[in-house]
Structures are given as C-alpha cells and as structure tokens.
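> any chance you could fold what I've pasted below:
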Amino acid sequence: MLTLGTIKEAHTHVGIAKYGRPIGLDENMKVDLIVIGSVAVDTTTGAQLGKGEVHLNAILHFLWLLN
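Okay, the predicted model is just below:
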C-alpha cells in the first residue's frame, strides 16, 4: 500500500516501475475509476475531441464484454 510520502513518486514513470506490477487481462480486480484524457467533451452528446476517444471506447467496450 502506498503512503502519503510515496504517492508523489508512484505516479511517475520511475514510480510505476518501482511500485507497480504487471497484471493480466484475466486478473480479477475492481476498478473504481478510469481517467482518460481528452481535449474537450460535449456534455450534451458525449462527443470527444482528442487522443483519448479511441482508448476510452476500447476500454468501455472491453468492460461491457466482461459484464
């Protein structure tokens, strides 16, 4: 478990290698939050502008398949 002192390092490339671990797609885990970057999102239609759209759609499709 991360402490308040290690969180700042843990979100960097070095910290990911130090504190993280590889996981497989078949590993059972609970996801509380997914953050995908976008340049802009239309709040009425959900349309997105930016690199995150393809990734978000793939993740949501994958999660939908799991349920």
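> could you list the low-pLDDT ranges of this protein?
By pLDDT under 70, the low-scoring segments of the chain are 34, 36-37, 51-55, 65-67.
> for it, what spans make up the strands?
Taking DSSP state E as the test, the strands found in the chain are 40-41, 48-49.
> let's have those strands in TSV, adding mean neighbour count.
Using the backbone N, CA and C atoms, a C-beta is placed for each residue, glycine as well. Formatted as TSV, the strands of the chain follow (neighbours: other CB atoms under 10 Å):
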stretch	mean neighbour count
strand 40-41	12
strand 48-49	14
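> could those be laid out in CSV, adding distance to residue 2?
Formatted as CSV, these follow (distance: least, CB to CB, whole Å):
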stretch, distance to residue 2
strand 40-41, 29
strand 48-49, 30
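> looking at those strands, which is nearest to residue 63?
Among the strands of the chain, the nearest to residue 63 by CB to CB is strand 48-49 (17.0 Å).
> partner strands of that closest one, with direction?
Partners of strand 48-49 in the sheet, by DSSP bridges, are strand 40-41 (antiparallel).
> contacts for the partner strand, please.
47, 48, 49, 50 (CB atoms under 8 Å, 6 or more residues apart in numbering).
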